[in-house]
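Asks: Provided below are the primary sequence and the corresponding predicted coordinates.
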Amino acid sequence: MTGRVLITGGAGFIGFHLAKRLAKEGYEICLADNYSRGALDPSLQRLTDKNSVRLVEVDLLDAEQTLRLGAEYSIIFHLAAIIGVRHVLQRPYDVLAQNVKILDNVIVLARHQRKMSRLFFASTSEVYAGTLKYFSLEVPTPETTPLAVTALESPRTSYMLSKIMGEAMLHQSGLPFTIFRPHNVYGPRMGMAHVIPEQLRNAFGAEENSVVPIHSPTHKRAFCYVDDAVEMLRRMILESKTIGQTLNLGTEDPEVTIREVVETCIAVVGKSLRLEDRPDTEGSPVRRAPNMERLSELIHFRAEVSLREGIDRTWHWYRDNVFMSGGISAQ
């Protein structure tokens, strides 16, 4: 199955890697972005040099601009959103209101498509935050977990709530959809405001035998390399049983501590450094790992890239494209 694919937020991290893979499969790709998170870096420029991938600058808050993207897409991946701790804390109303408005415009666009088979919506693992705070949260966490909302007056609630609202909108839209909840997906070109590229940068810039601080050292995560996440999304396109489903995206094992992640980053960089534990980051969950049974049963695939291999691939990309060259990456 091939066709025309629209990826909103396509200049960003997952959108870039998804477009790169789907282009190899014969899909025609349109990346729609306003560059608030994505970056027009050499990697993206090389990708859009291909005849099958084009990049369109668009403000998805503008309903007319959004509709001008066209009506010939068979698949839409909606990845665009206001995200990031800085925005959530400083602009909580915008995060909540604009994420919902953007999705509403994309749903209207989807209804105008002549032959659309699916609208994919990127939700977030943050939808489980309220359940974790107020109730007992099963880890690895299944998609059937009842969702609770954190305090409405808290700025941090805005992003999570915008995604819960988005999931509800998809269920009521009347469109063929799949909702996916990414968990700790990492890899080349993901931006610096994430634990693995941040720790690689710290190790790269540190003097031999110097001290590297670790916040939340005993907290555990299950990390998924981006190529595995993209393969899951590709298989979701091909499997009709994923229509109407809400699915975790990631890997449930191994769960590793943040200390182990930092140790692996240092080993990959190849330096001798001393680790110093620091306090836990406020709001950081002690454990986060998705239960992947439902998705693996539907698409017959589980993540294959080990943490060490994934960090090694990520290190080489950041070393060559950012740390040594002073280049930029998506957010």
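Replies: Yep, it's here.

Asks: going forward, measure contacts between C-alpha atoms and count neighbours the same way
Replies: Noted.

Asks: From residue 24, how far out is the spatially closest residue to residue 16 that is not a sequence neighbour?
Replies: Distance criterion C-alpha to C-alpha, 6 or more residues apart in numbering; nearest residue to residue 16, sequence neighbours excluded, is residue 10 at 5.8 Å. Residue 10 sits 16 Å away from residue 24, taking C-alpha to C-alpha, to the nearest Å as the criterion.

Asks: which residues touch the residue nearest to residue 16?
Replies: 16, 19, 30, 31, 32, 33, 38, 79, 80 (C-alpha atoms under 8 Å, 6 or more residues apart in numbering).

Asks: just the residues you listed now: which is nearest residue 167?
Replies: For these, the residue nearest residue 167 by C-alpha to C-alpha is residue 79; the value is 12.9 Å.

Asks: Can you show me the helices along this protein?
Replies: In the chain, the helices defined using DSSP state H lie at 13-24, 42-48, 63-67, 85-90, 92-111, 129-134, 157-172, 195-205, 226-238, 258-269, 293-299, 307-318.

Asks: Share the number of residues neighbouring residue 272, please.
Replies: Using other C-alpha atoms under 10 Å, residue 272 has 15 neighbouring residues.

Asks: Surely it touches residue 212?
Replies: No - here residue 272 does not reach residue 212: they are 10.4 Å apart, not a contact under C-alpha atoms under 8 Å.

Asks: Can you report how many residues lie near residue 152?
Replies: As a burial measure, residue 152 scores 10 neighbours (other C-alpha under 10 Å).

Asks: Report the spatially nearest residue to it, omitting neighbours in sequence.
Replies: In space, residue 152 is closest to residue 158, 7.8 Å off (C-alpha to C-alpha, 6+ apart).

Asks: what's the pLDDT at that neighbour?
Replies: Listed pLDDT for residue 158 reads 96.

Asks: The one 4 residues further on too?
Replies: pLDDT recorded at residue 162 is 98.

Asks: residue contacts, it?
Replies: So residue 162 contacts 95, 96, 97, 99, 100 (C-alpha under 8 Å, 6+ apart).

Asks: hmm, try it at 6 Å
Replies: residue 96 (C-alpha atoms under 6 Å, 6 or more residues apart in numbering).
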